[in-house]
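**Student:** okay, structure incoming, though there's no sequence with it:
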């Protein structure tokens with residue numbers, strides 16, 4: 001029985017947090033034959049090590065030597081405080097302190113190079129941004145050894161092979177499986193606990209890459225797949241996937257079971273519990289994925305399965321994405337003209353902007369879609385260029401944007417086949433004076449998305465959430 005456990009930044013954010021995390025690892029190991037641990041860089045509110053590393057890098061490219069030097073000293077203080085609080089002087093304290101200082105010295109050298117060149121490439125950002133994990137795993141592994149248990153810190157650059165798409169690399173599974181098995185399996189056979197960096201990998205040339213922000217979850221599921229794990233557990237600071245954002249809904253609660261499709265919808269539409277790519281390796285290998293709370297470990301959390309046999313088509317969760325705009329392309333000359341939609345989204349794609357929702361009237365007189373608010377001008381300019389002829393001939397009457405809107409998404413497997421769900425949702429919104437601007441529901445059975453004005457977001461989420469218990 002093999003279990004992969006991933007601990008987020010808050011779970012390793014201080015000496016006390018690491019102490020609790022180590023206790024969880026050892027307690028879990030009593031009931032699992034083999035435990036593989038993936039850890040993020042240290043992170044506790046309001047300071048996160050990865051944010052600090054990148055803050056210093058951006059200061060360096062602006063020529064601000066004082067700021068990145070100050071960041072380096074702050075990093076030394078954060079890690080020294082954890083080392084001092086965990087490791088005994090007669091043990092590995094000085095060794096781990098020296099290793100961490102070497103990483104921070106290297107960070108300073110990279111920042112100095114960025115400062116001199118005046119250039120911060122994606123490759124440099126990956127080299128800098130992944131240092132937090134390398135420091136945290138060494139501290140945690142040393143503490144476990146101090147407690148009398150075999151543990152070894154491993155950089156995922158030795159395990160996870162990726163392409164060279166810096167800042168958002170994708171794993172090369174075959175090579176990753178060979179390398180991971182060759183390094184991790186011998187340790188497990190020796191009853192040692194591998195403590196592995198999340199977030200990072202290396203390309204086929206051995207250059208450090210990252211899997212995107214929040215990629216430590218993804219690291220865990222990749223390793224779960226390569227090691228043929230029986231389960232993957234993501235430890236965080238909440239009791240699993242919540243039925244709504246507690247900032248909007250005080251009665252939000254943990255959802256006991258979700259299926260992969262439901263949690264994919266939640267991850268895509270704003271839920272921050274999981275990295276959006278995390279599910280794929282687990283789906284491909286049919287590995288249960290469990291979300292648990294480091295600070296409330298007895299809570300069962302949320303388990304994510306291929307299918308939820310108990311699902312009855314009811315609403316399970318409601319989530320929202322804010323700071324969006326709704327762009328509309330409309331005109332009577334669009335009716336029945338082939339290629340308008342393709343040209344519209346081709347123009348958006350050329351702007352390197354992601355579309356979050358699409359709605360089109362059956363009359364074909366208009367297409368509307370949502371994009372991040374900050375991309376509004378670039379998208380409208382691109383569309384205006386693409387349809388310059390149609391605008392001049394009045395085949396397209398206008399291209400315009402409604403700003404300050406949100407997408408509210410209602411998730412629940414089988415909603416499409418359950419009579420009355422949509423009616424209850426829209427009746428509730430109407431009863432509370434929430435105007436629905438646009439609606440999208442695809443062939444998927446598990447989500448309905450609506451667009452509302454930004455000021456109505458909290459009300460919409462709250463009143464839809466009331467239907468979950470109804």
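**Tutor:** In hand now; what should we look at? Values in this document were obtained by computation on a predicted structure and should not be read as measured data.

**Student:** where along the stretch 151-300 of the chain do the strands fall?
**Tutor:** Read by DSSP state E, counting those that start in this stretch, the stretch 151-300 of the chain holds these strands, from start to end of the chain: 151-154, 161-162, 193-197, 200-203, 208-210, 231-236, 257-259, 289-293.

**Student:** for the stretch 351-470 of the chain, which spans come out with low pLDDT?
**Tutor:** Under the criterion pLDDT under 70, the flagged ranges of the stretch 351-470 of the chain are 362-364, 416-417, 442-445, 469-470.

**Student:** weakest of the strands of the stretch 151-300 of the chain by average pLDDT?
**Tutor:** Comparing mean pLDDT across those, the weakest is strand 257-259, with a mean of 89.

**Student:** pretty sure residue 58 is touching residue 124, no?
**Tutor:** No. Because the distance of 11.1 Å does not satisfy Cβ atoms under 8 Å, residue 58 is recorded as not touching residue 124. Yep, even glycine has a C-beta here, placed from its N, CA and C like the rest.

**Student:** among the strands of the stretch 151-300 of the chain, which comes closest to residue 132?
**Tutor:** Closest to residue 132 of these, according to Cβ to Cβ: strand 193-197, at 8.9 Å.

**Student:** parallel or antiparallel, list what pairs with the closest one.
**Tutor:** On the basis of DSSP bridges, the sheet neighbours of strand 193-197 come out as strand 34-39 (parallel), strand 151-154 (parallel).

**Student:** returning to what we had before: who has more neighbours, residue 58 and residue 124?
**Tutor:** Neighbour comparison, residue 58 and residue 124: the larger count goes to residue 124, with 20 against 16 (by other Cβ atoms under 10 Å).

**Student:** check what pLDDT the closest residue in space to residue 191 that isn't next to it in sequence gets.
**Tutor:** Residue nearest to residue 191 in three dimensions, not counting chain neighbours: residue 150, with 6.1 Å by Cβ to Cβ, 6 or more residues apart in numbering. pLDDT, the model's per-residue confidence, is 97 for residue 150.

**Student:** quick one: residues contacting residue 150.
**Tutor:** Residues in contact with residue 150 (Cβ atoms under 8 Å, 6 or more residues apart in numbering) are 190, 191, 192, 193.

**Student:** between the residues you listed, which has the most around it?
**Tutor:** Of all the contacts of residue 150, the highest neighbour tally under other Cβ under 10 Å goes to residue 193, namely 23 neighbours.

**Student:** how much space between the nearest residue to that residue once chain neighbours are set aside and residue 139?
**Tutor:** With Cβ to Cβ, 6+ apart as the criterion, residue 193 has its nearest non-adjacent residue at 4.3 Å, and that residue is residue 151. Computed as Cβ to Cβ, to the nearest Å, the residue 151 to residue 139 distance reads 11 Å.

**Student:** the more surrounded of these two?
**Tutor:** When residue 151 is set against residue 139 and neighbours are counted by other Cβ under 10 Å, the residue ahead is residue 139, at 27 against 22.

**Student:** picking that back up, redo the strands paired with strand 193-197 as CSV? Include distance to residue 130.
**Tutor:** Formatted as CSV, the entries for the strands paired with strand 193-197 read as follows, by distance: least, Cβ to Cβ, whole Å:
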stretch, distance to residue 130
strand 34-39, 12
strand 151-154, 13
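
**Student:** quick check: which of the ones you listed is nearest to residue 378?
**Tutor:** Among these, strand 34-39 comes nearest to residue 378, with 36.9 Å by Cβ to Cβ.

**Student:** for residue 267, see how far away residue 289 is.
**Tutor:** When distance is defined by Cβ to Cβ, residue 289 is 11 Å away from residue 267.

**Student:** the more surrounded of those two?
**Tutor:** residue 289 (26 against 21).

**Student:** max pairwise distance over the contacts of residue 150: which two?
**Tutor:** Greatest spacing in the contacts of residue 150, by Cβ to Cβ: 190 and 193 (10.1 Å).

**Student:** give me the low-pLDDT residue ranges for the stretch 151-300 of the chain?
**Tutor:** Per-residue confidence for the stretch 151-300 of the chain (pLDDT under 70) gives these ranges: 270-273, 275-276.

**Student:** off-centre distance for stretch 167-183?
**Tutor:** The chain centre lies 20 Å from the centre of stretch 167-183; the measure is Cα atoms, centre = their mean, to the nearest Å.

**Student:** which parts of it are buried?
**Tutor:** For stretch 167-183, the neighbour count (16 or more other Cβ atoms under 10 Å) marks 167, 168, 169, 171, 172, 176, 177, 179, 180, 183 as buried.

**Student:** any idea how far the closest residue to residue 24 other than its chain neighbours lies from residue 6?
**Tutor:** Computed as Cβ to Cβ, 6+ apart, the closest residue to residue 24 that is not its neighbour in sequence is residue 297, at 5.6 Å. Taking Cβ to Cβ as the measure, residue 297 falls 14 Å from residue 6.

**Student:** these two: which is more packed in?
**Tutor:** Residue environment comparison for residue 297 versus residue 6 gives the larger neighbour count to residue 6, 26 against 15, counting by other Cβ under 10 Å.

**Student:** among the contacts of residue 150, name the ones in helices.
**Tutor:** Among the contacts of residue 150, no member falls in helices (criterion: DSSP state H).

**Student:** still on that earlier bit, now do the residue nearest to residue 24 against residue 237, distance only.
**Tutor:** Relative to residue 237, residue 297 is positioned 12 Å away (criterion: Cβ to Cβ).

**Student:** where does the spatially closest residue to residue 454 that is not a sequence neighbour fall, helix, sheet strand or coil?
**Tutor:** Spatially, and ignoring its direct neighbours in sequence, residue 454 is nearest to residue 404 (4.2 Å; Cβ to Cβ, 6+ apart). When the structure is split into helix, strand and coil by DSSP: H, G, I helix; E, B strand; the rest coil, residue 404 lands in strand.

**Student:** contacts only, for the residue nearest to residue 193.
**Tutor:** If you count contacts by Cβ under 8 Å, 6+ apart, residue 151 has them with 140, 141, 142, 144, 145, 192, 193, 194, 195.

**Student:** please repeat the previous calculation with a cut-off of 6 Å.
**Tutor:** The neighbourhood of residue 151, defined by Cβ atoms under 6 Å, 6 or more residues apart in numbering, consists of 141, 144, 145, 193, 195.

**Student:** which one of the residues you listed is nearest residue 44?
**Tutor:** Closest to residue 44 out of these is residue 195 (18.9 Å), distances taken as Cβ to Cβ.

**Student:** what is the burial count for the closest one?
**Tutor:** Using other Cβ under 10 Å, the number of residues around residue 195 comes to 26.

**Student:** can you tell me what sits against stretch 152-172?
**Tutor:** Applying Cβ under 6 Å, 6+ apart, the set of residues contacting stretch 152-172 from outside is 122-123, 126, 134, 137-138, 141, 175-176, 179-180, 183, 187, 192, 194-197, 200-203, 208-209, 211-212, 219, 222.

**Student:** ugh, typo on my part, it should be stretch 370-381
**Tutor:** 323, 324, 325, 326, 348, 351, 353, 356, 357, 399, 401.

**Student:** perfect, that will be all.
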